[in-house]
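# Here is a sequence with its predicted model. Questions after.
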Number of protein chains: 2
Amino acid sequence: MLDWLRHYRRADLPGDVGAGIIVAMMMIPQGMAYALVAGLPPVAGLYASIAPPLLYALFGTSGAQSVGPMAIIALMTASALGPLAVPGSALYGMLAGQLALLSGVVLLACGLLRVGFLANFFSRPVMSGFTLGSSIAIALGQLDTLLGGAPLAPHGPSVLLGAGAIAFLLLARRYGAGLLRRVGLTPGAADIGARLAPMLLVLAAILLVTLLHLDQRGVRVIGAVPSGLPQPALPLADGYWQALGKPALLIGFMNFLIGMSGAQALALKRVDQRHEKLHTNRELVGIGLANVGSALSGGFPVTGSLSRSAVNFAAGARTQLAGVISALLLAGALVLPTGWLAPLPLPVLAATIIVAVLGMLDLGTLRTAWHYDRADALALVATGAGVLLLGVESGVVLGLVLSLGAMIWRESRPHIAVLGRIAGTEHFRNVERYPGETEPRVLLLRVDAGLFFGNLEAVNARVEDELEAHPQARHLVLVLSAVNAIDTSALFGLLELNGTLANRGVTLHLAEVKGPVLDRLRGSALLQALSGRLFLSTANAWDALARDGS
Amino acid sequence: MLDWLRHYRRADLPGDVGAGIIVAMMMIPQGMAYALVAGLPPVAGLYASIAPPLLYALFGTSGAQSVGPMAIIALMTASALGPLAVPGSALYGMLAGQLALLSGVVLLACGLLRVGFLANFFSRPVMSGFTLGSSIAIALGQLDTLLGGAPLAPHGPSVLLGAGAIAFLLLARRYGAGLLRRVGLTPGAADIGARLAPMLLVLAAILLVTLLHLDQRGVRVIGAVPSGLPQPALPLADGYWQALGKPALLIGFMNFLIGMSGAQALALKRVDQRHEKLHTNRELVGIGLANVGSALSGGFPVTGSLSRSAVNFAAGARTQLAGVISALLLAGALVLPTGWLAPLPLPVLAATIIVAVLGMLDLGTLRTAWHYDRADALALVATGAGVLLLGVESGVVLGLVLSLGAMIWRESRPHIAVLGRIAGTEHFRNVERYPGETEPRVLLLRVDAGLFFGNLEAVNARVEDELEAHPQARHLVLVLSAVNAIDTSALFGLLELNGTLANRGVTLHLAEVKGPVLDRLRGSALLQALSGRLFLSTANAWDALARDGS
């Protein structure tokens, strides 16, 4: 805890302060926008940007992680609370805090029980599909706000504002950095400066609404933002614990995946500069406590935002001090009068959301997966479609099932080769790839996969097929050079295979069993029951069996 | 379809007929007993023993499979219907049929969509734990019936009958076959004869109750069993479809696992006699239609019973004709007057259930797993405890999660070795097992597991650790001789690793990439982006890098 503070290097200070200021200026529009996505008043997003980064700074492990509201988690919050309360109501706000508390507790429990390995349950294509589906769902959800009415009955001035905002943000993203470079900024500073376009847009929009009295012409604005810091409190609604349990689990899980992948990406980037190891379980505790902090201060579920964290890092953040500074700046903004925010038009906020989530769209993963492994590509598309059609919660579960399903499917069809001897050598190769000597009485099979419950049936079926194709075989040698593990189910499977083969007069031998696998097998019933022998190498087996006249 | 009939061999006839008769005599007590477990009137169990085996004979693939009521599926039926209707009510019976219909449709859909590979999702230890927990739950559920009242207020005559029945069944199981051998039966016939003890017990108990008028002394009997065949009908209760959906999925899944493992065990036994291949997907269709048949004829969910199938096979069943004959015999018993069954005492039926399910207890798997792989043993115990404490449905889900969780956990900790050269040779071995030459500028790492989303993090972490331990390393060679597959997630992981290492001045090389893995990688971005080279062998890499003065 606070390791970074004890070993703080003065040289890191300017970077941390600069990054803190820049992230605070990103946080103001993002916090309010994602609060809207979550169905909460804009000020909740500002509250959720203060206590969480402070708590993360105390317990988290990544110096560049920016913890606060995030689009997908906001969408999941809305989807969890929608059936329980009316957006904007006091109950809704209370439940948002309760959900943050519960998902924080889930993350904490995972961290303390050291089940960080659960992060390994989601494949990257599925995660990409989940992000894809969620981004589109979020963008679609903002259409009404952007157009100031239903898509078929848009409100003219709102549409103009919204479309103008989108155009400005897209142009800023495309040309902003180049423009800033041309006026003399360094490339790094220009890139960061371009990320402040949303804040600039917000200021310009406020000015425009105020000057043209657009709010009186029907453009909806965010209205009064209560000034002052959030009061520490934990109002809880009894009777909702059970309904919040499952979403809290899913939000905790997603939260962790999003936070981890962000922190990981940054840790990878900076290994060259200072060694920062990611301690998954401590990271879980850090984000968990950030959520508890959000619950205690009028916020909603938060996580580490990859896009903000990347800017934070690029802007010079080297320690958690950057997060502390941005939190203090947001707190400062709330202590000062907040009246200036009231005329901020909602269509402009919707525009910032839409441009932000469309920026998360990553079709590269789909393209790569499509060419590399069709099953992964289909899992990606199915997860994305699942989020859009079934909702974000079912999308998470579907993603889990598809990740594991794709793996089991792949693993359940192991590569198995009949081996032949390369004439005159001690080398044995797949007879389908290389012409090799074979001997009708000896069948050599190499299984290129760990043996476990998922591929037992496939191995049995292949053995069956090969024995049918080689009716003279009296010896079956399983070459286990590529078998890294044999689980309990496969142990039973081999015992049964041994018995079945013995009944038919076929002796089962094992060859090239790896050290760790053999260590395990030594105490088991298999080696005692084995009808044949254990050979160090395939060549040994060949010499003993093929040349033996029996 | 009906392949077995077209190729029927007269030599199989005596065996099939004998087995059919014996299985019918097992079916009568079992069918009625498992109907009680399911919360249904005994006659429902007889109905469920007629149409299902007939339909299975038309569409199923295993000649020895005995399809009908089965203890665990009956327990799952009771657990699914308990919250929806009162056991014994007309609605309950209707919902039992509806559940059979739905789980039949689930099985059919799985078979037609060819997702038989789903059977690979359950590890054997977890299946054993599931059976263990279910058996105990079923036995505990019969205690009241066995004792003729609550455990603390037992009914004397019922207790005597029940305890006597248990003692008889246990003695018959232990000494029955020996006794029959001594009176001149062949060992095979004696073993089969001993399996008829429950039917003998039923007849004796009926006689005893009739002679001693035990039913007038408070011993509960099954009462009138309506005679006549079930009328084909499909009464459906609207408004229950959704509530039955999830249990139908779980029953379908379990049904398939139980049926498959039985058919598989038998197929393994008889490969020496006649080649009978299991077609998983056709087997799914067969059991699925058997369930639809059960729904249409007043039954409840059915499956292939392993214990009955084993007797069926041992008694000589070679084709589906055995099942047809036993179904016809049961139909015959229902057409004849059924009044003789009425005095059958319930405590005796409860005793047959308890002895049957306790016979399914298999502690051998637990013992083996405990010594071989503690994680599998814990998964077994947790699944068993889950069934007992959380119920049978949660038990299935828990079993799935634990099967996959144990696998991911194992896979997420791959064995990774630093390699050294055995001096003077071209062999490279784990430096922890064999003293070998190393070269500070070249780090050789062999990963002994397929690379996929589940172990990406572990591989990255290990690379990190080793680079820290070898600060002079300028070349990292990943030796992929044991890597059977690289999924899309791992492809991205390697690309990122390549970039990260390049930033730090470390070049990434790959060596000994297997044929099928290389085929996949050829079109991918990795080979183009790779900062280092692709070596055929570790020795090549060593020669090029360690001797190179750069």
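Received the coordinates, thanks.
# in the sheet, who's paired with the nearest residue to A:E432 once chain neighbours are set aside?
If the residues on either side of it in the chain are set aside, A:E432 comes closest to A:A417, at 7.0 Å by CB to CB, 6 or more residues apart in numbering or on different chains. The way it works is simple: take the backbone N, C-alpha and C, and place the C-beta from them, glycine included. Beta-bridge pairing of A:A417, defined through DSSP bridges, involves A:R446.
# Quick check: which helices or strands does the helix or strand encompassing A:A351 pack against?
Here A:A351 is covered by helix A:346-360, with elements defined by DSSP states H and E. The contact analysis (3 or more CB pairs under 8 Å, 6 or more residues apart in numbering or on different chains; DSSP states H and E) places helix A:346-360 against helix A:13-37, helix A:71-81, helix A:124-141, helix A:143-147, helix A:156-171, helix A:197-212, helix A:306-314.
# Of these, flag the one that's most buried.
Between these, helix A:71-81 has the highest mean count of neighbours, a mean of 26, where neighbours are mean count of other CB atoms under 10 Å in any protein chain shown.
# circling back to that earlier point, and of the helices and strands packed on helix A:346-360, who's closest to B:V292?
Counting by CB to CB, B:V292 lies closest to helix A:124-141 out of those; the figure is 34.7 Å.
# can you list the residues that contact stretch A:96-105?
When contacts are defined by CB atoms under 8 Å, 6 or more residues apart in numbering or on different chains, stretch A:96-105 is touched by residues A:38, A:40, A:44, A:48, A:77, A:80-81, A:234-237, A:240-241, A:244-245, A:247-249, A:251-252, A:255, A:287-296, A:298-302.
# If we use 7 Å, what do you get?
Contact partners of stretch A:96-105, identified using CB atoms under 7 Å, 6 or more residues apart in numbering or on different chains, comprise A:38, A:40, A:77, A:80-81, A:234-237, A:240, A:244-245, A:247-248, A:251-252, A:255, A:288-289, A:291-292, A:294-295, A:298-301.
# Next, report how far it is displaced from the centre of its chain.
Average the C-alpha atoms of stretch A:96-105, do the same for its chain, and the two points are 20 Å apart (CA atoms, centre = their mean, to the nearest Å).
# Likewise for stretch A:301-317?
Taking CA atoms, centre = their mean, one finds stretch A:301-317 lying 15 Å from the centre of the chain it belongs to.
# okay if I get the helices and strands packed on helix A:346-360 as JSON lines plus mean pLDDT?
Compiled in JSON lines, the helices and strands packed on helix A:346-360 are given as follows (pLDDT from 0 to 100):
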{"stretch": "helix A:13-37", "mean pLDDT": "86"}
{"stretch": "helix A:71-81", "mean pLDDT": "91"}
{"stretch": "helix A:124-141", "mean pLDDT": "88"}
{"stretch": "helix A:143-147", "mean pLDDT": "86"}
{"stretch": "helix A:156-171", "mean pLDDT": "90"}
{"stretch": "helix A:197-212", "mean pLDDT": "88"}
{"stretch": "helix A:306-314", "mean pLDDT": "79"}
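# Looking at those helices, spot the one closest to chain B.
Shortest separation from chain B across the helices and strands packed on helix A:346-360 is recorded for helix A:124-141, at 3.8 Å, computed as CB to the nearest CB.
# Quick check: which helices or strands does that closest one pack against?
For helix A:124-141, the contact count by 3 or more CB pairs under 7 Å, 6 or more residues apart in numbering or on different chains; DSSP states H and E identifies helix A:71-81, helix A:346-360, helix A:363-372, helix A:374-390, helix A:392-411, helix B:488-503 as packing neighbours.
# Please repeat the previous calculation with a cut-off of 10 Å.
Contacts of helix A:124-141 with other secondary structure elements, assessed using 3 or more CB pairs under 10 Å, 6 or more residues apart in numbering or on different chains; DSSP states H and E, are made with helix A:13-37, helix A:71-81, helix A:241-270, helix A:346-360, helix A:363-372, helix A:374-390, helix A:392-411, helix B:488-503.
# what's the angle from the second one to helix A:346-360?
The one in question is helix A:71-81. 120 degrees (axes from the mean of the first three to the mean of the last three CA atoms, to 10 degrees).
# Can you name the next helix or strand after helix A:71-81?
Scanning forward in sequence from helix A:71-81, with DSSP H and E defining helices and strands, the next element found is helix A:90-112.
# How about the longest one?
Tracing the chain past helix A:241-270, the next element assigned as helix or strand by DSSP H and E is helix A:280-296.
# what's the model's confidence in that next one, averaged?
Model confidence over helix A:280-296 averages 88 on the pLDDT scale.
# now stretch A:102-122
Throughout stretch A:102-122, pLDDT has a mean value of 80.
# Just the endpoints, please. Distance across it?
Start-to-end span of stretch A:102-122 (CA to CA, to the nearest Å) is 22 Å.
# now swap in stretch A:147-161 and tell me
As for stretch A:147-161, its first-to-last residue distance stands at 9 Å under the measure CA to CA.
# quick one: contacts of that stretch?
A:140, A:143-146, A:162-163, A:205, A:208-209, A:212, A:214-215, A:217-220, A:345-348, A:350-351 (CB atoms under 10 Å, 6 or more residues apart in numbering or on different chains).
# Let's see that with 7 Å instead.
Applying CB under 7 Å, 6+ apart, the external contacts of stretch A:147-161 come out as A:143-144, A:162, A:205, A:214, A:217-220, A:345, A:347-348.
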